[in-house]
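Asks: 3D, please:
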Amino acid sequence: MNTTAIRKQMSIHPDVMDLLNNQIAMEMKASASYLAMASWCDQRELLNSKSFFYKQAEEEREHAMKIFVFINDNGGAAVSPNVTHVTNDFESLRGIYEKGLEQEIGVTESIFKIFKAAREKNDYTSEVFLQWFIAEQSEEEDTFRSIIDVFGLMEGMPLKMIDERLPKE
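Replies: Next up is the predicted model:
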């Protein structure tokens with residue numbers, strides 16, 4: 001059976017599948033990025049932030065896996081991504097959270113793009129599947145914005161004291 005015949009048996013649109021595979025790579029890169037952030041925090045004994053970023057790394061991996069399984073369950077071919085160019089050096093704790101927010105905004109924009117493509121291709125299966133991700137991304141962005149607000153409120157305080165005010169997860 002050739003690739004074209006296989007794609008015709010999918011219950012998701014091939015163009016949407018390709019975008020979803022790109023999303024898997026984006027989620028896995030976010031996971032790797034959060035691991036790097038957790039390590040930076042761990043080296044500085046910023047325990048709440050360390051725990052927060054380890055949890056974020058695991059969540060992003062779970063998101064990637066959710067998409068991976070969805071593609072395969074719907075007749076597509078999920079692709080295991082190659083993750084490269086992960087930053088391990090950071091200037092500040094606030095900078096890390098700001099980078100995390102930027103990353104989450106990028107993921108949200110990507111999800112919206114896939115959702116729009118699914119709608120345009122009448123891929124209702126993918127459209128419904130992506131609704132969970134839209135709600136999840138709204139929560140993720142709100143969490144990061146709330147944490148960044150703490151830095152503004154506690155400006156000038158020792159980093160360890162700020163970290164103790166931040167959520168662990």
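Asks: just checking, next helix/strand downstream of the helix or strand of the chain with the lowest mean pLDDT?
Replies: Across the helices and strands of the chain, mean confidence by mean pLDDT, DSSP states H and E is lowest for helix 3-8: a mean of 51. Sequence-wise, the next helix or strand downstream of helix 3-8 (DSSP states H and E) is helix 14-43.
Asks: name the helices or strands packed onto that next one?
Replies: helix 47-73, helix 93-120 (3 or more C-beta pairs under 8 Å, 6 or more residues apart in numbering; DSSP states H and E). To be clear about C-beta, it is placed using only N, CA and C from the backbone, and glycine gets the same treatment.
Asks: List the buried residues for the last one?
Replies: Put plainly, it is helix 93-120. For helix 93-120, burial by neighbour count (16 or more other C-beta atoms under 10 Å) applies to 93-94, 96-101, 103-104, 107-108, 110-111, 114-115, 117-118.
Asks: and what of the shortest one?
Replies: Under the neighbour-count criterion of 16+ other C-beta under 10 Å, helix 47-73 has 48-54, 56-57, 59-61, 63-64, 66-68, 70-71 buried.
Asks: who touches residue 131 in this structure?
Replies: Neighbour list for residue 131: residue 115 [criterion: C-beta atoms under 8 Å, 6 or more residues apart in numbering].
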